Structures are given as structure tokens and as C-alpha cells.
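Student: Build me a structure from this.
(one chain, ligands or ions: 2)
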Amino acid sequence: MRFLLVDPPHKIWTILRAWTPSPGCLQLLAYLEREQFDIEYMDCTLNENPWRDLEEKIRREKPEVVGISVICTAFVYDGMNAANLIKAANPKTIVIMGGEHPSFMAEETLRDCPAIDYICVGEGEVTLTEFLRAIEKKQDLSKVLGLAHLNEKGDFVYTGDRPFIEDLDILPMPAYHLAKMEHPFVTLPSEGRRGLVVNFSRGCLWDCTFCSESAFYKKTWRRRSPKLIADELQLLKEKYNRDIFYVGDNTFNVKREQGIGFIEEMLKRKTNQHFWLQSRADLVIRDEDLLDGFREAGVYQFMMGLEYHSDSVLKDIKKHQSVEQAVKAMELLKRHKLMVMATLLIGHWDETENDRTEFFNFFGKYVDHFGLNLITPLPGTPLFYQMKQLGRIKDWDYRNYDYLHAVMSAKEVEDLEQLNLIYRDIMRRYYWRPREMFKMFSSNPILRHHHRYYITKVAFNIMMHEVFGTPIWVQPNYQEYKDYLVERAEGLPKALMALAK
Ligand code: B12
Ligand code: SF4
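Tutor: Ligands and ions are numbered 1, 2, ... in the order given. Below you'll find the model as predicted:
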């Protein structure tokens, strides 16, 4: 039986003009490969003609089952469009979708897009394996946990929660050999080195109200052991020439031992690779004595969700962290010559202009990288249900659920476009300050490169767009699905046009 896993056509990560094969997809593929399925992977974003190539592949090869991965809410329409195209190209193909958003919104997604036959709710490896085996042997799918679908009467059916894999070390090495590792988008802009996004753990033990990861993994945390992490990194160095990484783990050092193990392994391997890790302020403080070790092991930056400059907001979003801890963690990182990236949230309900000025002055003083976001009620999170009930969600177009667009109003700012302008204005004020300009000449090569890249490529492009109306950069191979349908109008069923999102 042939199984094709599709990462549908997306816009690449505009901020860095980069892309990465989804670590979750590569993990799924490796698992299926070990189970000896006949598998293939299509990361459409990297194709010359993403929609056409997908359609032609389905027509030509007619895989029995196609899996579609949707890891961000903002990508869900891309996934639905892909499902519609696949069904139009071969109605017999069974389509299963997986990922965070469809897991949380299974019924809504199935009803919105009848071309999706099943949704895998939660972690995919075991559910997908059992699903494919059951299809192969024509067995009863109701026994496969973690599956959602609509029955003949149109009722929503869910087979029940699939328990998490207890030990992530049983998973094979992600299937990098199936990814287009040499594609020019697959990197991170960083001082002549080739980068990649990797992932070594799942979940987090905290429960910040806006966090979809904590909700997806039900406040649990599991990790690959440091030896396997180091094996993966070594493979990436030796076979794929990768030496700089954004480690996507939500909270890398939930347990102190994870940090200690990582440092020991990386010092032993001497691969001369560099890492940007994510953590929390309280954990950075707890592991102060490990910070030099982290640096020597190749870590150059910690990204922390510091979110806001006031304890009342931190309490409101259940950060379980104080402003004092944020300051201490930033100072410690600086003292140990590690860079500070803060992810921050504006657009809170009670926020005033004065709050935003204080916010800007507070974080502007400390951080090397300013990860500004607009608070977003991601489906599945406590914030989503809270805001839905309060009627504060004003934009239901999931494309805008990317932290860069306002989708909820605030008490003083009803208009979402106004909030978007406020966001852009803070970003502009931050990056056009002399302090940030000087970073383009910093003696720290990574900081220098980031700021040169960000200011000359991204900020300058946006400024030219705003002042002279020149187009915002878009990747050359990106095509809106609607435009593809127009191009193909003659050859596709008319009804498909109406479904384009
Ligand atoms: C890699 C990554 C990316 C890559 C995208 C890679 C890709 N090909 O899609 C890059 C770096 C480009 C990226 C960008 C963004 N990202 Co991102 N990213 C991640 C990251 C770090 C890892 C994802 C991952 O692999 N996880 C590990 C695997 C094991 O989990 P998984 O992907 O959920 O997959 C499992 C299941 O969901 C399921 N499954 C998944 N697919 C399928 C398919 C089938 C058929 C089946 C059966 C099962 C299944 O099985 C998998 C294995 O168990 C996560 C954070 C995290 N730690 O997860 C954020 C995350 C997914 N990103 C997020 C966001 C918001 C973004 C941005 C929108 C942010 C921004 N403003 O820049 C951008 C948008 C991109 C763009 N076009 O501009 C959010 C999504 C939240 C949400 N619910 O929408 C996350 C969760 C981070 C966060 N906590 O905020 N991202
Ligand atoms: S600490 Fe970070 S990963 Fe953990 S729940 Fe909060 S936002 Fe999510």
C-alpha cells in the first residue's frame, strides 16, 4: 500500500525567509519506514510549482492514502485546499490530516472540508501505523484510538484518546534522507553556516493560557535522551553539513539533568555546532551554574517567553513567573555571555498606550532579539475558549492566527487594523534605534549577522513598501491556491473553485 505524507504548500517563514522540513513529519516518516510501509514525502513548499506538482503526483501515482500535516493554525486552509485538490485528482485516495489545529478542532475541520476523511487527534506515530495497517487489512477502524471522522449520517465520531508514547527514545532518527536538505530555503540566515530547526522534546509542564503546546500535550513533558540528541546532531553535521540550530523544544531544560546531559554529550563530541534554545526565566535562574557549560557546548542564545513587563498580566496569562525573575534571568545570561531573545506579547485587553511605552522601555533596554507578538487565541487553548465566550475574537480567518496579526480587540483599541499598526510601529521603533543599528557591527558574529539580515532585508523591505509602495518580498515559488485554480480552471471540477480558501 502506498502512503504519501504531504506538507501542503505554504508561504515560507517570512521573518527569516527560511523553511524547515517539519520535524514532526520527519519523525512520522521514520516511524512508518521502520514499520516497513511504502512511504513518500512531499514538502510542497519547496517545489517549483507546489499545487501543480501535487496534483500531477496524485494523478500519476494514485497513492491509496495521503496524510496531510497542519502544524500551525495559520496553515489549516493550505491543508484543506490540498485535501480538496487531492480528492479532485483521485477521489479514491483516502485523506487523513494530523497536527495541532485539526486535533483541537476536529469536528469543525471535518465539516469545513469534506475532502478530509479522517483526522488523527494527537501524537501521530502509533495512530497512523495502526490506521494504515487497518486499511491494508480492511479491518475495523473503530478500534484505532485517536481517530475522528464523520459517519454516513454525518455524525461526528471520535474513537477516543490515544495515550502518549511513554519513552521518546523508542522513536527512530528522523528521516532526514527523505527531506530536501540541500534546498536553498532550508537553512537559517546565519553567518555563512547552514542552519536547521530541530525538535528533541514534546510538551511543557506549565499551563500558560495562550499556549497550544501545553494544551496539545496536556501539560506533560517527554524528551529524547542527550545521547540520541547528540547522535542526531552529529549526523546533521557529518551528512548534511548543518552547524547552527534553532532547537524548537518549547522548554529545553524542564529537568536540570537534560541540560547537564546535553552539555556533557556536546563537549564530548566536539562538533563545533551552535544552538539557540528555548526556556523559561525561572529555569535559567535555577540552572545558573550550568550557563557557562551551555555556552561551551555551543549554545549562543536562550529564547525565553518573558511576555510582559507587569506582574498582573503575567498572572492573568498564568505565566507562573515574575518580572523580577525575567530581569534576573536576562542579567544572568548577559553575565555568562549568552544572547537574550525574549518572546513578548502585546494586545492584552486592559492595555493602555502608557503600558506599551513602559513595555518598550523595559524590554528595549535588555534584549538582543526582540520577539514581539500579538496575543492570539489559538484554538484549543484556555485563552481561546475564554475569549470566544467573552466575544472578543473579531477575526475568524485562521490565516491571521500567526501572532503577527491582531484577531482580538482590546478595551481601548476596538479596531484590529489599529492594533496591527501599533504592532508595526513598536517593531519599527525597536529596530530603527541607533542601539540596534550598532549591532550590525557587533563583534559577536551571530548578532551582527542577524541584525544585518533583519535590518537590510526585512525592515528595509517593509519601509520601502510603506513609503514607496514597493512590493513586500514573497518567495518566488509561492502561488495562492485560488490563482492555481484559475490557471487550471478548464481541467478541474467547477465546484472546487468554490471551496478555495
Ligand atoms: C518546526 C516549526 C516551524 C517551522 C515550520 C515547519 C513546517 N514544515 O511546517 C517554521 C520554523 C517555518 C515555523 C514557523 C512558524 N511557526 Co512554528 N513551530 C515549529 C516547531 C518548533 C516544531 C514543530 C514540530 O515538529 N514539533 C514536534 C512534533 C513531534 O510535533 P507536531 O509537529 O505536532 O507533529 C505530531 C502531531 O501533531 C502529529 N501530526 C503532525 N502532522 C501529522 C500528519 C498526519 C497525517 C498525522 C497522522 C499526524 C500528524 O504527529 C506528529 C508526531 O507525533 C513548533 C514548536 C513545537 N515544539 O512543536 C512551532 C509551532 C508549530 N509554530 C508555531 C507558529 C505560531 C509559527 C509561526 C506562525 C510563527 C511566526 N509568527 O513566525 C510561523 C509561521 C510560518 C510561516 N510560514 O511564516 C506554533 C503553532 C501554534 C498554533 N497552534 O498555530 C508552534 C506550536 C510554536 C508555539 N508554541 O507557538 N514553525
Ligand atoms: S512555559 Fe512556554 S511552553 Fe510552557 S506552557 Fe508556558 S508558553 Fe507554553
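Student: Just give the nearest non-adjacent residue to residue 416, would you?
Tutor: In this structure, residue 416 finds its nearest non-sequential neighbour in residue 406, 4.4 Å apart by C-beta to C-beta, 6 or more residues apart in numbering. Using the backbone N, CA and C atoms, a C-beta is placed for each residue, glycine as well.
Student: So the one you found is in contact with residue 374, correct?
Tutor: Yes: using C-beta atoms under 8 Å, residue 406 is in contact with residue 374, at 5.0 Å.
Student: ok, the residue nearest to residue 416 - contacts?
Tutor: Applying C-beta atoms under 8 Å, 6 or more residues apart in numbering to residue 406 gives the contacts 347, 374, 395, 416, 417, 419, 420, 423.
Student: tell me which parts of the stretch 351-500 of the chain are close to ligand 2?
Tutor: Proximity of the stretch 351-500 of the chain to ligand 2, by C-beta under 6 Å from any ligand atom, involves no residues.
Student: for the stretch 351-500 of the chain, what spans make up the helices?
Tutor: Secondary structure of the stretch 351-500 of the chain (DSSP state H, counting those that start in this stretch): helices at 353-366, 382-390, 416-431, 434-438, 445-452, 460-468, 481-488, 494-499.
Student: quick one, which of those helices is nearest to residue 254?
Tutor: In terms of C-beta to C-beta, the element of those nearest to residue 254 is helix 382-390, at 20.1 Å.
Student: Could you list the contact residues of the chain toward ligand 2?
Tutor: By C-beta under 6 Å from any ligand atom, the residues of the chain that approach ligand 2 are 204, 206, 207, 208, 211, 213, 214, 250, 251, 280, 305.
Student: Mind checking which of the residues you listed land in helices?
Tutor: Among these, the members found in helices (DSSP state H) are 213, 214.
Student: Over to the residue nearest to residue 416: give its phi and psi.
Tutor: phi -80, psi 130 (degrees, to the nearest 10).
Student: Same question for residue 404.
Tutor: Per degrees, to the nearest 10, the backbone of residue 404 is at phi -110, psi -10.
Student: what about it, neighbour count?
Tutor: By other C-beta atoms under 10 Å, the residues close to residue 404 number 17.
Student: for residue 474, same thing?
Tutor: 12.
Student: what do you get for the one 10 residues further on?
Tutor: By other C-beta under 10 Å, 21 other residues sit near residue 484.
Student: how close does it sit to ligand 2?
Tutor: Residue 484 sits at a distance of 36 Å from ligand 2 (criterion: C-beta to the nearest ligand atom, to the nearest Å).
Student: what does residue 352 give?
Tutor: 24 Å.
Student: dump the residue contacts of that residue.
Tutor: Residue 352 touches residue 412, counting by C-beta under 8 Å, 6+ apart.
Student: With residue 73 instead?
Tutor: 100, 101, 212, 378, 379, 398, 401, 402.
Student: would you turn those into TSV with pLDDT, neighbour count and distance to ligand 1?
Tutor: Conversion of these to TSV gives the following (pLDDT from 0 to 100; neighbours: other C-beta atoms under 10 Å; distance: C-beta to the nearest ligand atom, whole Å):
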residue	pLDDT	neighbour count	distance to ligand 1
100	97	23	5
101	98	27	6
212	98	22	4
378	98	25	4
379	98	23	7
398	98	22	9
401	98	24	6
402	96	18	4
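Student: Out of those, which sit inside strands?
Tutor: Nothing among these maps onto strands, per DSSP state E.
Student: Get me the contact residues on the stretch 1-150 of the chain for ligand 1.
Tutor: So far as C-beta under 6 Å from any ligand atom goes, the stretch 1-150 of the chain lies against ligand 1 at 7, 10-15, 19-24, 27-28, 67-69, 71-74, 96-101, 120, 123-125, 128.
Student: All good on my end, thank you.
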